[in-house]
Each structure stands twice: as C-alpha cells, then as structure tokens.
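Asker: kindly return the folded structure for what I paste below:
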Amino acid sequence: MTYRIELHRDVCISSGKCVAESPEVFRFDDDEIVALVPGGPRLTDEQIFDIARDCPSGAIRVFDGDEEIDVY
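Answerer: Got it, this is the predicted structure:
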C-alpha cells in the first residue's frame with residue numbers, strides 16, 4: 001500500500017522532530033515551518049506512520065488516496 005503525507009502548515013509548531021529524524025525528507029522553510037525537501041527520497045510506510053505519530057502538533061497527516069488515515 002502506498003501512503004502519502006500532507007503537511008498542514010497552519011498547525012505546525014516547528015518542533016523540529018521530523019527535520020531531525022528525516023532531514024533528507026523534511027526541512028524548515030524561511031518561516032521556520034516544515035516543508036518537504038524537493039526530490040527527497042520516498043519513505044517506507046512504517047517511516048511515514050512513525051514520523052506522523054511523533055509530530056507533536058499533528059501537522060503531518062497520512063492519506064490513502066483521499067482518505068485520511070488515523071495513525072494513532
């Protein structure tokens with residue numbers, strides 16, 4: 001199964017957990033809000049779920065097609 005990540009910038013609190021765990025995938029933009037690294041590697045499904053669960057604000061959301069997946 002292939003999941004996708006959506007970043008909800010208005011929810012991000014810039015904790016940096018995602019950037020610290022996967023700097024090849026996540027970065028901070030000029031406003032210190034999470035963004036995806038252009039051309040970054042594809043995460044495994046397990047990595048996607050782990051990173052989304054670790055986001056303290058819930059700004060990283062996981063989708064299967066149009067359906068949001070509860071990662072908790």
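Asker: in the chain, which spans are strands?
Answerer: 4-7, 26-28, 34-36, 60-64, 67-69 (DSSP state E).
Asker: CA atoms only: put the longest one into CSV for me.
Answerer: As requested, the backbone C-alpha atoms of strand 60-64 are provided in CSV (Å, rounded to 0.1, in the frame of the first residue of the first chain):
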residue,chain,number,x,y,z
ILE,A,60,1.9,15.6,9.4
ARG,A,61,-1.1,13.8,8.2
VAL,A,62,-1.2,10.5,6.3
PHE,A,63,-3.6,9.7,3.4
ASP,A,64,-4.5,6.6,1.4
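Asker: tell me which of the strands of the chain lies nearest to Phe49.
Answerer: Closest to Phe49 of these, according to C-beta to C-beta: strand 60-64, at 6.5 Å. Bear in mind the C-beta positions are built from the backbone N, C-alpha and C, glycine included.
Asker: which strands or helices does that closest one pack on?
Answerer: In this structure, strand 60-64 packs against strand 4-7, helix 45-54, strand 67-69, with contacts taken as 3 or more C-beta pairs under 8 Å, 6 or more residues apart in numbering; DSSP states H and E.
Asker: in JSON lines: those, plus distance to Lys17 and mean pLDDT.
Answerer: Shown next, in JSON lines, are the helices and strands packed on strand 60-64 (distance: least, C-beta to C-beta, whole Å; pLDDT from 0 to 100):
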{"stretch": "strand 4-7", "distance to Lys17": "13", "mean pLDDT": "93"}
{"stretch": "helix 45-54", "distance to Lys17": "5", "mean pLDDT": "94"}
{"stretch": "strand 67-69", "distance to Lys17": "19", "mean pLDDT": "95"}
